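A.B. asks: Pasted the sequence and its predicted model underneath.
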Amino acid sequence: MGSLIQLHSSLFHKCNSLFQMKQLHAHLITTAQFQFCPSSRTKLLQLCALSPTAGTLSYAVLIFRRIGTPSTNDWNAILRGLAQSPNPTTAISYYRSITRSPQRVDALTCSFTLKACSRALAFSEASQIHSHLLRFGFAADLLLLTTLLDVYAKTGYLDAAAKVFDEMDKRDIASWNAMISGLAQGSRPSEALLLFKSMKEEGWKPNDVTVLGALSACSQLGALKQGEVVHDYIVDEKLDTNVIVCNAIIDMYAKCGFVDKAYSVFREMKCRKNLITWNTMIMAFAMIGDGYKALELLDKMVLDGVHPDAVSYLAALCACNHAGLVEEGIRLFDSMVEYGVKPNIKHYGTVVDLLGRAGRLKEAYDLINSMPMLPDVVLWQTLLGASKTYRDVEMAEIASKKLVEMGSNSCGDFVLLSNVYAAQQRWHDVGRVRETMKSRDVRKVPGFSYTEIEGRIHKFVNGDQSHPNSKEIYAKLDEIKFRTKAYGYIADTNLVLHDIGEEDKENALHYHSEKLAVAYGLISTVEAAPIQVIKNLRICVDCHAVIKIISKIYNREIIVRDRARFHRFKEGVCSCRDYW
DNA sequence: ATAGGGTTAG
């Protein structure tokens, strides 16, 4: 028997096609092991259930159904396979069956099913398993609790995750990591950084996974100072031998507006660059609007033996778009197919935007109609935006009509259409749009901006007066108003006129959140230090014009990251060259 | 009697 099992471990090892697995299955049956050697049987199940080869999982299910009374291990093997399959919900129904069968559930049964819940975004099922595992007496299982915490975080229930984390009587590095990454990925980056700090204070030594969570939080916040501290730690601890970590560092500098720093990390990294490294760097150049650098990297990655994928092309197209490289973008789009990369709706969206910004509305419209897939809301919004820029009422109406048909309730869509009408003095139509907005209860997404000063984040909304230094900020804004006027700046009041939102005086152009953040930056940083601002929406036209002048008259570099890209203001000009 | 489970970049 011993020699047979030995023979089988090597057989199991080499088995990677469905055909071979079937042969192995037949062998186990003819030697009676399938019936009398449960461990071999479970091994076969595991092999089939976990193999990435197509069809093997259904074969595993077939084998499983032939077993009279499957052991807990047999159940676990099937659950594990189903959990990582494209239909993780199947695992959840299998879990229900096992709880109804006389078979015992162990910690692994819960673990694999929780994984399935995570992939299926099944929060209530996960919380059911939570109560089960307490009943079964697994409450001290550190690995299981970490899985549970992670599922809660990934299904969007960060408070439930935090409760599990807080109540764990023992933690290890992985449980800390799961909570930190959970917060970072759940868009609560400030809390992720706070937890990262308390972890260090409690004497834990962050590892590669920990720093990934921390870097992701810094990227989201644009928190350069804190990101640099993490980078230094990474270098000291030699964690930069890990590509994943290097990629996260590059992304962090890029998202903080420091492409040059990102590029030097990219060039000097000691480990081999992978697809994501290249894509991250191309995206970094796209965000700052350096189209040629992005295109150059796309060529270089091929020379380096890394094949560009859909994301690489999307990033490069985005770069062409932000740099106004219209012909290059169109050529790139056409060449994608030749390289065997199929354009998806995002690629079409970028090219529509590219054509739209260049005023080639008809071509953009034709491209939408020629797409092999159904256009989404974003495409029509893009076309509407371009119609507004080029005051094309006809096209704006086409796009708006489509948006209404698709049930869009986005404030921006209505505002754009109204702006198009207003530019033509069609006040009756402006009123009509306003009525529709009222009846549909369309609300604006509140804009906010923030800036990091000495490692602390200061957040502002429009007309914000809640900051402790509010008085000084408003005094600075008055000074800015005076000095920009003296410089020759005249506010474009049309912007206000066309804005059909609630016209509170406080919400007027002059107290936009990005201006408040810039003013605070000016009074709270040393001269010549660059000011960084991050905004959740696109930067407003008036703010863009004013910040350009501020960069000149105060001799400051100001970097604004908005929803779509970076604007680097220096000596009166912006890196986007007003093309955005 | 045995193993198998958790955290990870664009």
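C.D. replies: That came in fine, so what should we check first?
A.B. asks: Strands of chain A, start to end?
C.D. replies: A:448-453, A:456-461, A:531-535, A:558-561, A:566-570, A:573-574 (DSSP state E).
A.B. asks: export those to TSV and tack on distance to A:Met168, mean pLDDT and mean neighbour count?
C.D. replies: C-beta coordinates here come from the backbone N, C-alpha and C atoms, glycine included. Formatted as TSV, these follow (distance: least, CB to CB, whole Å; pLDDT from 0 to 100; neighbours: other CB atoms under 10 Å):
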stretch	distance to A:Met168	mean pLDDT	mean neighbour count
strand A:448-453	32	90	22
strand A:456-461	28	90	18
strand A:531-535	34	91	26
strand A:558-561	36	91	24
strand A:566-570	40	90	23
strand A:573-574	49	90	18
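A.B. asks: can you list those in JSON lines and add distance to A:Lys14?
C.D. replies: Output for the strands of chain A, formatted as JSON lines (distance: least, CB to CB, whole Å):
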{"stretch": "strand A:448-453", "distance to A:Lys14": "55"}
{"stretch": "strand A:456-461", "distance to A:Lys14": "55"}
{"stretch": "strand A:531-535", "distance to A:Lys14": "53"}
{"stretch": "strand A:558-561", "distance to A:Lys14": "52"}
{"stretch": "strand A:566-570", "distance to A:Lys14": "52"}
{"stretch": "strand A:573-574", "distance to A:Lys14": "61"}
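A.B. asks: Out of those strands, which is closest to A:Ile173?
C.D. replies: Closest approach to A:Ile173 among these (CB to CB): strand A:456-461, 26.5 Å.
A.B. asks: Who are the packing partners of that closest one?
C.D. replies: On a contact count with 3 or more CB pairs under 8 Å, 6 or more residues apart in numbering; DSSP states H and E, strand A:456-461 meets strand A:448-453, helix A:513-524.
A.B. asks: Out of those, flag the one nearest DNA strand B.
C.D. replies: Closest to DNA strand B of the helices and strands packed on strand A:456-461, according to CB to the nearest atom of the strand: strand A:448-453, at 18.5 Å.
A.B. asks: now the end-to-end length of stretch A:77-95.
C.D. replies: 12 Å (CA to CA, to the nearest Å).
A.B. asks: buried sites along it?
C.D. replies: Buried residues in stretch A:77-95, defined by neighbour count with 16 or more other CB atoms under 10 Å: A:77-85, A:88-92, A:94-95.
A.B. asks: A:Cys37 - how many residues pack around it?
C.D. replies: 17 (other CB atoms under 10 Å).
A.B. asks: Same check on A:Leu303?
C.D. replies: As a measure of burial, A:Leu303 has 7 neighbours, counting by other CB under 10 Å.
A.B. asks: Likewise for A:Lys197?
C.D. replies: Neighbour tally, A:Lys197, other CB under 10 Å: 12.
A.B. asks: Who are the contact partners of it?
C.D. replies: A:Lys197 makes contact with no residue under the criterion CB atoms under 8 Å, 6 or more residues apart in numbering.
A.B. asks: you'd agree A:Pro446 is up against A:Phe460?
C.D. replies: No: the criterion here is CB atoms under 8 Å, and A:Pro446 misses it with A:Phe460 at 11.2 Å.
A.B. asks: List the contacts of the nearest residue to A:Leu417 once chain neighbours are set aside.
C.D. replies: Spatial nearest neighbour of A:Leu417, chain neighbours left out: A:Ser400 (4.6 Å); criterion: CB to CB, 6 or more residues apart in numbering. Contact analysis of A:Ser400 by CB under 8 Å, 6+ apart lists A:Trp380, A:Leu384, A:Asp413, A:Leu416, A:Leu417.
A.B. asks: DNA strand B versus A:Ser400, what's the distance?
C.D. replies: A:Ser400 is 32 Å from DNA strand B, where distance means CB to the nearest atom of the strand, to the nearest Å.
A.B. asks: A:Thr113 reaches A:Ala83, doesn't it?
C.D. replies: Yes: at 6.9 Å, A:Thr113 counts as touching A:Ala83 under the criterion of CB under 8 Å.
A.B. asks: Report the set of residues contacting both of the two.
C.D. replies: A:Ala91.
A.B. asks: can you map out the helices along the stretch 1-150 of chain A?
C.D. replies: A:2-14, A:18-30, A:33-36, A:38-50, A:56-66, A:72-83, A:88-100, A:107-120, A:123-135, A:142-154 (DSSP state H, counting those that start in this stretch).
A.B. asks: hey, least reliable of these by pLDDT?
C.D. replies: Lowest mean pLDDT within the helices of the stretch 1-150 of chain A: helix A:2-14, at a mean of 55.
A.B. asks: for chain A, which spans come out with low pLDDT?
C.D. replies: A:1-13, A:492-508 (pLDDT under 70).
A.B. asks: Against DNA strand B, how distant is the residue nearest the centre of it?
C.D. replies: Centrality entry for chain A: nearest residue to the mean C-alpha point is A:Gln185, 8.0 Å, by CA atoms, centre = their mean. Computed as CB to the nearest atom of the strand, the A:Gln185 to DNA strand B distance reads 6 Å.
A.B. asks: likewise A:Val442?
C.D. replies: 31 Å.
A.B. asks: That residue: what's it in contact with?
C.D. replies: A:Val442 neighbours (CB under 8 Å, 6+ apart): A:Asn409, A:Ser410, A:Cys411, A:Phe414, A:Thr436.
A.B. asks: just to revisit the earlier point, make CSV out of the helices and strands packed on strand A:456-461 and add distance to A:Leu44.
C.D. replies: Converted to CSV, the helices and strands packed on strand A:456-461 look like this (distance: least, CB to CB, whole Å):
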stretch, distance to A:Leu44
strand A:448-453, 56
helix A:513-524, 61
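A.B. asks: List just the nearest of the buried residues of stretch A:77-95 to DNA strand B.
C.D. replies: Taking CB to the nearest atom of the strand as the measure, DNA strand B lies nearest A:Ala77 of these, at 6.3 Å.
A.B. asks: which helix of chain A spans the most residues?
C.D. replies: For chain A, the helix with the greatest residue count under DSSP state H is helix A:470-487.
A.B. asks: what's the angle between that helix and strand A:456-461?
C.D. replies: 70 degrees (axes from the mean of the first three to the mean of the last three CA atoms, to 10 degrees).
A.B. asks: Counting neighbours, which bits of helix A:470-487 end up buried?
C.D. replies: A:Ile473, A:Tyr474, A:Lys476, A:Leu477, A:Ile480, A:Thr484.
A.B. asks: quick one: contacts for the third one?
C.D. replies: Residues near A:Lys476 by CB under 8 Å, 6+ apart: A:Ala519, A:Tyr520, A:Leu522, A:Ile523.
A.B. asks: Buried only: go through those residues for me.
C.D. replies: Buried among these by 16+ other CB under 10 Å: A:Ala519, A:Tyr520, A:Leu522.
A.B. asks: Thanks again, I'm all set now.
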